[in-house]
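J.: dropping a prediction and its sequence here:
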Amino acid sequence: MVEVFMSKLAVAKAKELVNQTPSYQGLALRLYIEGKGCDGFFYGITFDEASSEDLHFPHDGVDVIVDPDAIEFLVGAKIDWIDDERGKGFLVDNPEHRRYRGKFFKKSAWQKHFIDKMKGTQHG
């Protein structure tokens, strides 16, 4: 069975962000990959509308969605929330794919991604 994990703290922070940011209400938390080639790829997270093809991984009221074309690289991924010297944000770790890097997203980065997407100029 395919599984994507989310820590209790990450679930709580995702709910908090949705409650604090009206533009996130009704959206799911998308886990995706970006980049390819010699450097591998990064994991990414953003609030997004679900498509009919997306796979859903519900976590206590937070719907994590994944594009089926990316699922082989996301199996076993764990979404966590960190608040340390790097700042605050979601961090993705995947013990199944250690050579790939987790990506850290601050709230300002999610907001820029969401605004760009609404304008039709998505930058990943």
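T.: Cool, got the structure.

J.: which residues of this structure score low on pLDDT?
T.: The chain contains residues with pLDDT under 70 at 1, 36-40, 97-124.

J.: ranges for the helices of it?
T.: 8-20, 71-74, 107-119 (DSSP state H).

J.: so how far is the first one from its chain's centroid?
T.: A distance of 13 Å separates the C-alpha centroid of helix 8-20 from that of its chain, computed with CA atoms, centre = their mean, to the nearest Å.

J.: from the contact counts, what lies against it?
T.: For helix 8-20, the elements it packs on are strand 62-66, strand 78-84, strand 87-93, judged by 3 or more CB pairs under 8 Å, 6 or more residues apart in numbering; DSSP states H and E. (Glycine included, C-beta is placed from N, CA and C.)

J.: again, only this time at 10 Å
T.: strand 28-34, strand 42-48, strand 55-59, strand 62-66, strand 78-84, strand 87-93, helix 107-119 (3 or more CB pairs under 10 Å, 6 or more residues apart in numbering; DSSP states H and E).

J.: among these, which is nearest S7?
T.: strand 78-84 (4.5 Å; CB to CB).

J.: neighbouring contacts of stretch 13-24?
T.: For stretch 13-24, contacts defined as CB atoms under 10 Å, 6 or more residues apart in numbering pick out 6-7, 25-29, 45-48, 59-64, 79-83, 88-90, 107, 110-111, 114-115, 118.
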